[in-house]
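A.B. asks: pasting the sequence and the predicted coordinates here, then a few questions.
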Amino acid sequence: MLALLFILFAGLAVGCALSLVVQRNPLYSAISLIGVFISLACLYVTLAAPFIAAVQVIVYAGAIMVLVVFVIMLLNVEQEERRRGGLSFLVPGAVILAAALIAEVSFILVSMQNSPVDQTIRPSNIGLTSSIGTALFTHYLLPFEITSILLLMAIVGAMTLARRGGLLPADARVVPGEQALPLSLVDPAVGRLDDPVVVEAHGTHEAARLLGVTESEDQSERE
């Protein structure tokens, strides 16, 4: 029975993986990847690892893939545009690597069937929720807490960088491109605030020259 379930879920995983590569629509590819994750979770259940299966569904098929689908929808990516392939060696290389992988899996399956089975081996509790929870909060409690602190620091750092990214210092001088500048801004001694006369600048360098910004200052501001 377990062998039939393994063949079923392994076939589903391979089929969804092929669909992931073949699909030209990125949204369909993301849905195919969700199918791969769910198939792997079912394989984990057949291997008596329910906790890993639940994490596979909740974290990967749930949170991460929902984020990927949201990004695809926000970017409004409809379909892949096919271009002329400049790297012609990729297809033969992929065929060779796939053949090597199939040969390796076949060798492992044949060697496992021919190897003698030790009847004295007791079933292991590795992968069960109780064993993982006990190990995580006893032997590996310190690494678990350090990881949580590192994740918290990463979140705070990302929020800090996001807040500072769009702000400019008070003495920053931004040189615009092609536009019409008021005469009072170009030459305050001649122009007045209510003067309708404007000076046209045809490019960033000309605007910098009219505003009195040197090339070195302009380059440092852009950096």
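C.D. replies: Now that the structure is in, tell me what you want to look at. Numbers count the residues shown, from 1 in each chain.
A.B. asks: rest of the way, CA atoms for contacts and neighbours
C.D. replies: OK.
A.B. asks: check Ile52 and give its pLDDT.
C.D. replies: Here, the pLDDT recorded for Ile52 equals 86.
A.B. asks: going forward, the N-terminal residue is numbered 58.
C.D. replies: I'll keep to 58 as the first residue from here, and by that count the last item is Ile109.
A.B. asks: surely it touches Cys99?
C.D. replies: No - Ile109 is not in contact with Cys99 according to CA atoms under 8 Å; the separation is 10.1 Å.
A.B. asks: ok, these two, which is more surrounded?
C.D. replies: Cys99 (23 against 18; other CA atoms under 10 Å).
A.B. asks: okay, and that one sits in which element?
C.D. replies: Using DSSP states H and E, the element containing Cys99 is helix 83-103.
A.B. asks: domain-wise, how is this protein divided?
C.D. replies: Structural domains assigned to the chain are 58-135, 236-279, following automatic domain parsing.
A.B. asks: worst mean pLDDT among those domains?
C.D. replies: Lowest mean pLDDT within those: domain 236-279, at a mean of 60.
A.B. asks: which residues in the protein form strands?
C.D. replies: In the chain, the segments counted as strands under DSSP state E are 236-239, 255-258.
A.B. asks: quick one: mean pLDDT over stretch 185-205.
C.D. replies: Mean predicted confidence for stretch 185-205 is 85.
A.B. asks: neighbouring contacts of it?
C.D. replies: For stretch 185-205, the surrounding residues in contact (CA atoms under 8 Å, 6 or more residues apart in numbering) are 105-108, 182-183.
A.B. asks: go again with 6 Å.
C.D. replies: Residues from elsewhere that reach stretch 185-205, judged by CA atoms under 6 Å, 6 or more residues apart in numbering: 106, 108.
A.B. asks: for stretch 74-87, output the C-alpha coordinates as PDB.
C.D. replies: What follows is stretch 74-87, C-alpha atoms only, in PDB (Å, rounded to 0.1, in the frame of the first residue of the first chain):
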ATOM      1  CA  ALA A  74       7.500  19.900 -11.700                       C
ATOM      2  CA  LEU A  75       7.400  19.400 -15.400                       C
ATOM      3  CA  SER A  76       4.300  21.600 -15.600                       C
ATOM      4  CA  LEU A  77       6.300  24.300 -13.700                       C
ATOM      5  CA  VAL A  78       9.000  24.300 -16.300                       C
ATOM      6  CA  VAL A  79       6.800  24.000 -19.400                       C
ATOM      7  CA  GLN A  80       4.200  26.600 -18.500                       C
ATOM      8  CA  ARG A  81       4.700  30.100 -20.100                       C
ATOM      9  CA  ASN A  82       2.400  31.800 -17.700                       C
ATOM     10  CA  PRO A  83       4.200  32.500 -14.300                       C
ATOM     11  CA  LEU A  84       0.900  32.200 -12.400                       C
ATOM     12  CA  TYR A  85       0.300  28.700 -13.700                       C
ATOM     13  CA  SER A  86       3.900  27.900 -12.800                       C
ATOM     14  CA  ALA A  87       3.400  29.100  -9.300                       C
END
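A.B. asks: flag every buried residue along that stretch.
C.D. replies: Residues of stretch 74-87 classed as buried: 74, 76-77, 83-87 (neighbour count, 16 or more other CA atoms under 10 Å).
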